[in-house]
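**Student:** Structure, please.
(chains A and B)
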Amino acid sequence: MCILSTVRCISQQTKNAHVQEGEDKTRMSKHVVLVEDEVNIAEAIRFLLSNEGWRVETLANGANAVDVIRNARPDLVMLDVMLPGKSGFEILHDLRADPDLQNLPILMLTARGQSRDREMAEKAGVSRFMTKPFSNSEMLEAVRDLTC
Amino acid sequence: MARETLTGSRIRERRVMAGLKQADLARDIGISASYLNLIEHNRRRIGGKLLLNISAALGVEPQTLTEGAEAALIATLREAADEAGLTGPEALRADEFAGRFPGWADVLAGTRKRVSALEQTVEALTDRLAHDPHLAASMHELLSTAAAIRSTAAILAETKTLQPEWRDRFHANINEDSRRLSDSAQALVSYLDADADAADAASSPQEEVEMFLSAHDFRFESLEQEAQAPDRIEQLVAQAPELMSQAAKYIAAIVLRQVAEDASAVSLPDLRAAIQSHGLNPLALARILRAPVPCVLRRMAALPELGAGLVVCDRSGTVIFRKSVEGFTVPRHGSCCPLWPIFAVMGQTGMVISERINQLDRAGAEFDSFAASEVSLPDHYNAPALTQVVMLLVPSRAGSGAGRSVGTTCRVCPQQSCGARREPSIMNAGV
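**Tutor:** Coordinates of the predicted model:
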């Protein structure tokens, strides 16, 4: 309960901060949905991508991620593997099962860097697979590669 | 027969090793030198008091002079030879080797057992990240926290114009995550440390359990009193020096729970009284004692006076319990001979088999085997039925008629034409 409220509180703050950064950017900028339950990783990524002009929407739970993504039609999805509610693999599978989302760039971030996981993700149609910990520049480069 | 042949030869070997003259040994044990000569040349059967006297005079265990006790040793030597790719006439001389150089044979067999145990450990450790959920979760936590710190630290270090409010928040995040990182790193180290202490790589959990059960002679008086049983099981497991690994403790607790359950169904005095009136007839005993046959078989194995062996397999045919009996080898590694009666009851719920059997490579020893299956109460509806099969091996009276021959395991089985053969034998010319 405590963790949940913290997440809500921080995302509220960051949303406000983002709004302060520039209202006019919002419509023009590219949109990424970040599904990540590690609050501090999500915050770092949000900061980095916001600086690059992205509009970042964060989800800390996997359960409703597919619906949110389907409605939002983002330019990019960043997906953790171990998530509460629904695993990253399940979300990836569901997204790729939707004919409209076949070409949606999906970047997977996982701390379980085993070759088995990578294989599974590639089979399920991931666009790019990155293991944690990653370097910021590496991550930004991957984002640019996937959305250029 | 091979058995007598070797006993005489071994007595001779041991006597020569001890530097005793035939006449001296004969005098020591109160027989004539010519009679001892006949024994040593395998012209006279030997057993009972005389065997005990000779072994005492030679300062060896009586079993080391008879093949039965060495059967397990020889089986292990054959496995070792097979593993090393030893073929030809040399491979067939395991018993001769064990007879002539018992010390070296023990060393070789011990090494072989240790190698298999270590192989199992290596296999388990290799796959540890995949199979140990606690370790996998710890590593995930560690890597996630490291990822958060790395990313945040890089932002702090590399962003030239970082607004103070962002800077403060990232500092707070890094502070929080670094504490988390050190906690989880510490937890991981203590987990790995504790585990390294607990598991002795030299023996498998199954071996530890066997040592534990043997040390108690497969009898647990304290579990015979129903009321105390649950507490006593924990105590017994915790106090057993033989049970070092968590896995062994787990297996032993399962075995002891079964013992306690059986004890509450059939008490040993009742069982003895029923055997007195009805003989060694598990079917009749089950009827009198109003207990399932598998339970009766397990209880009969707990009677020391019967000297019976017991084998229990689960639905996959894996041996999950063994009480060894001299003259019948249950392979420690690899799979059993599919001709054993125990496997015949697997698909035949309710059927009870009674059959006289012997093992092909164990000249002599005959057993009255009884086998039955049992289906455990399922945990929930529509769960697969977990059948277990139980086989009791009662050594039969000598000369009471030959039984069906079965093997130990294909690799050391001398039977040439066998429909059940899975792999070629290393015993290509018999024993």
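
**Student:** Check which helix or strand the residue sitting nearest the centre point of chain A maps to.
**Tutor:** Closest residue to the average C-alpha location of chain A: residue A:34 at 2.1 Å, with Cα atoms, centre = their mean. Assessed by DSSP states H and E, residue A:34 sits inside strand A:31-35.

**Student:** Partner strands of that strand, with direction?
**Tutor:** Strand A:31-35 pairs in its sheet with strand A:55-59 (parallel), strand A:76-80 (parallel), by DSSP bridges.

**Student:** Would you reformat those strands as JSON lines and include mean neighbour count and distance to residue B:150?
**Tutor:** From N, CA and C alone the C-beta is placed, and that goes for glycine too. Shown next, in JSON lines, are the strands paired with strand A:31-35 (neighbours: other Cβ atoms under 10 Å in any protein chain shown; distance: least, Cβ to Cβ, whole Å):
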{"stretch": "strand A:55-59", "mean neighbour count": "22", "distance to residue B:150": "19"}
{"stretch": "strand A:76-80", "mean neighbour count": "25", "distance to residue B:150": "16"}
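
**Student:** okay, the ones you listed in TSV with distance to residue B:168 and mean pLDDT next?
**Tutor:** Listed next are those as TSV, based on distance: least, Cβ to Cβ, whole Å; pLDDT from 0 to 100:
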stretch	distance to residue B:168	mean pLDDT
strand A:55-59	20	94
strand A:76-80	25	94
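
**Student:** and those strands as a markdown table, adding distance to residue B:109?
**Tutor:** Below are these laid out as a markdown table (distance: least, Cβ to Cβ, whole Å):
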| stretch | distance to residue B:109 |
| --- | --- |
| strand A:55-59 | 61 |
| strand A:76-80 | 52 |
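
**Student:** can you pull out the helices in the stretch 251-400 of chain B?
**Tutor:** Remark: helices assigned in the stretch 251-400 of chain B by DSSP state H, counting those that start in this stretch are B:268-278, B:282-289, B:293-301, B:341-344.

**Student:** Give me the contact list for the first one.
**Tutor:** Right, helix B:268-278. Under the contact criterion Cβ atoms under 8 Å, 6 or more residues apart in numbering or on different chains, helix B:268-278 has outside partners B:224, B:284-285, B:288-289, B:296, B:299-300, B:302-303.

**Student:** cutoff 6 Å now
**Tutor:** Here helix B:268-278 makes contact (Cβ atoms under 6 Å, 6 or more residues apart in numbering or on different chains) with B:284-285, B:288-289, B:299.

**Student:** Check the shortest one too.
**Tutor:** Under the contact criterion Cβ under 6 Å, 6+ apart, helix B:341-344 has outside partners B:311, B:353, B:355, B:369, B:371, B:389, B:391.

**Student:** pLDDT score for the fifth one?
**Tutor:** Model confidence at residue B:371, given as pLDDT, is 97.

**Student:** Low-confidence stretches in the stretch 51-200 of chain B?
**Tutor:** B:67-71, B:124-133, B:194-200 (pLDDT under 70).

**Student:** Show me what from it comes close to chain A.
**Tutor:** Within the stretch 51-200 of chain B, the positions near chain A by Cβ under 6 Å from any Cβ of the partner chain are B:140, B:143-144, B:146-148, B:150-152, B:154-155, B:173, B:177.

**Student:** got the buried residues for the helix or strand hosting residue B:26?
**Tutor:** Using DSSP H and E, residue B:26 sits in helix B:22-29. For helix B:22-29, a neighbour-count test (16 or more other Cβ atoms under 10 Å in any protein chain shown) marks B:25-26, B:29 as buried.

**Student:** the helices in chain A, which residues?
**Tutor:** Per DSSP state H, chain A carries helices over the ranges A:2-21, A:25-28, A:39-51, A:65-72, A:88-97, A:115-123, A:136-147.

**Student:** Provide a list of residues in contact with residue B:13.
**Tutor:** Neighbours of residue B:13 in contact, by Cβ under 6 Å, 6+ apart: residue B:100.

**Student:** Correction: the previous question concerned residue B:423.
**Tutor:** Counted by Cβ under 6 Å, 6+ apart, residue B:423 has contacts residue B:410.

**Student:** Correct me if wrong, but it is in a helix.
**Tutor:** No: according to DSSP: H, G, I helix; E, B strand; the rest coil, residue B:423 belongs to no helix; its state is coil.

**Student:** What's the per-residue pLDDT of it here?
**Tutor:** Confidence at residue B:423, expressed as pLDDT, is 81.

**Student:** Look up how far residue B:343 lies from it.
**Tutor:** 17 Å (Cβ to Cβ, to the nearest Å).

**Student:** Then residue B:265?
**Tutor:** Per Cβ to Cβ, residue B:265 is found 25 Å from residue B:343.

**Student:** burial measure for residue B:417, as a count.
**Tutor:** Using other Cβ atoms under 10 Å in any protein chain shown, residue B:417 has 5 other residues around it.

**Student:** Which of the three states applies to it?
**Tutor:** coil.

**Student:** For it, give its distance to chain A.
**Tutor:** Noted for residue B:417: a distance of 45 Å to chain A, by Cβ to the nearest Cβ, to the nearest Å.

**Student:** and that residue, what are its phi and psi?
**Tutor:** phi -100, psi 100 (degrees, to the nearest 10).

**Student:** Just the CA coordinates for the strand holding residue A:34, please, in CSV.
**Tutor:** What follows is strand A:31-35, C-alpha atoms only, in CSV (Å, rounded to 0.1, in the frame of the first residue of the first chain):
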residue,chain,number,x,y,z
HIS,A,31,5.1,9.2,-27.0
VAL,A,32,6.6,6.3,-25.1
VAL,A,33,4.8,3.9,-22.7
LEU,A,34,7.2,2.7,-20.0
VAL,A,35,6.1,-0.4,-18.1
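
**Student:** angle of it against helix A:136-147?
**Tutor:** Strand A:31-35 runs at 120 degrees relative to helix A:136-147, counting by axes from the mean of the first three to the mean of the last three Cα atoms, to 10 degrees.

**Student:** which other residues reach strand A:31-35?
**Tutor:** Outside strand A:31-35, the residues touching it (Cβ under 6 Å, 6+ apart) are A:45, A:54-59, A:65, A:69, A:72, A:74-79.

**Student:** model confidence over it, on average?
**Tutor:** Here the average pLDDT along strand A:31-35 is 95.

**Student:** Domain map for chain B?
**Tutor:** B:2-120, B:128-198, B:203-265, B:305-431 (automatic domain parsing).

**Student:** Can you tell me which of those domains is nearest to residue A:132?
**Tutor:** With Cβ to Cβ as the criterion, residue A:132 lies closest to domain B:128-198 of these, at 3.5 Å.

**Student:** same question for the helix holding residue B:26, mean pLDDT?
**Tutor:** 90.

**Student:** Hmm, residue B:31 and residue B:53 touching each other?
**Tutor:** No: using Cβ atoms under 6 Å as the test, residue B:53 is too far from residue B:31 to be in contact (8.6 Å).

**Student:** from the chain's centre, how far out does stretch B:411-431 sit?
**Tutor:** For stretch B:411-431, the separation from the chain centroid amounts to 23 Å (computed by Cα atoms, centre = their mean, to the nearest Å).

**Student:** If you could redo that for stretch B:207-218, that was the one I meant.
**Tutor:** 9 Å.

**Student:** Identify each buried residue in that stretch, please.
**Tutor:** B:207-213, B:218.

**Student:** Remind me what the helix or strand where residue B:209 lies packs against, helices and strands.
**Tutor:** Using DSSP H and E, residue B:209 sits in helix B:205-215. Secondary-structure packing of helix B:205-215 (3 or more Cβ pairs under 6 Å, 6 or more residues apart in numbering or on different chains; DSSP states H and E): helix B:246-265.
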